[in-house]
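Asks: What follows is a predicted protein model with its sequence.
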Amino acid sequence: MNYLYVLMTVALTVYGQIVIKWQVLKAGSMPTDSAEKLKFLFHLVLNPWLLSAFLAAFLASVTWMAAMTKLQLSHAYPFMSLAFVMVILLSNLFFGEPINAYKLAGVLIVMAGLAIGSQG
């Protein structure tokens, strides 16, 4: 159960990042005019999908607090690197963002670091 809290934190964090990217892409480029920028951002903040991303961030904080009652920070925190891995994979799947040799090497290094860092 302790690791479920960590995995929920990761999943909620990744959900929020993917939804934010999706909705920002859908909204288009930010205007250059200051007043238009504020209007643009205001509309984004009120977007129901973005509100769900904000809620996910809040819930991720709650599940992280639950995890911290059961696990040592130095043991649990390396698992947060799974968010990095999942965002790269999902951004490729949903947005067609390329996974090049550097990103792949980074993912492999992160996974190796997770395996080593989570020991003990």
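Replies: Looks like it arrived, so ask away.

Asks: okay, CA-based contacts and neighbour counts for the rest of this
Replies: Noted.

Asks: Would you mark the buried spots in the helix or strand containing Leu82?
Replies: For Leu82, the host element (DSSP states H and E) is helix 81-95. The neighbour-count check on helix 81-95 (16 or more other Cα atoms under 10 Å) flags 82-91 as buried.

Asks: repeat for stretch 98-116
Replies: Within stretch 98-116, the residues that qualify as buried by neighbour count (16+ other Cα under 10 Å) are 107, 110-111, 114.

Asks: In this structure Tyr15 contacts Leu59, no?
Replies: No. Under the criterion of Cα atoms under 8 Å, Tyr15 is not in contact with Leu59, lying 11.3 Å apart.

Asks: any idea of the mean pLDDT in the helix holding Leu82?
Replies: Looking at helix 81-95 alone, the average pLDDT works out to 94.

Asks: quick check: angle from the helix or strand just after it to helix 81-95?
Replies: Counting by DSSP H and E, the next helix or strand C-terminal to helix 81-95 is helix 101-117. Computed by axes from the mean of the first three to the mean of the last three Cα atoms, to 10 degrees, the angle separating helix 101-117 from helix 81-95 equals 150 degrees.
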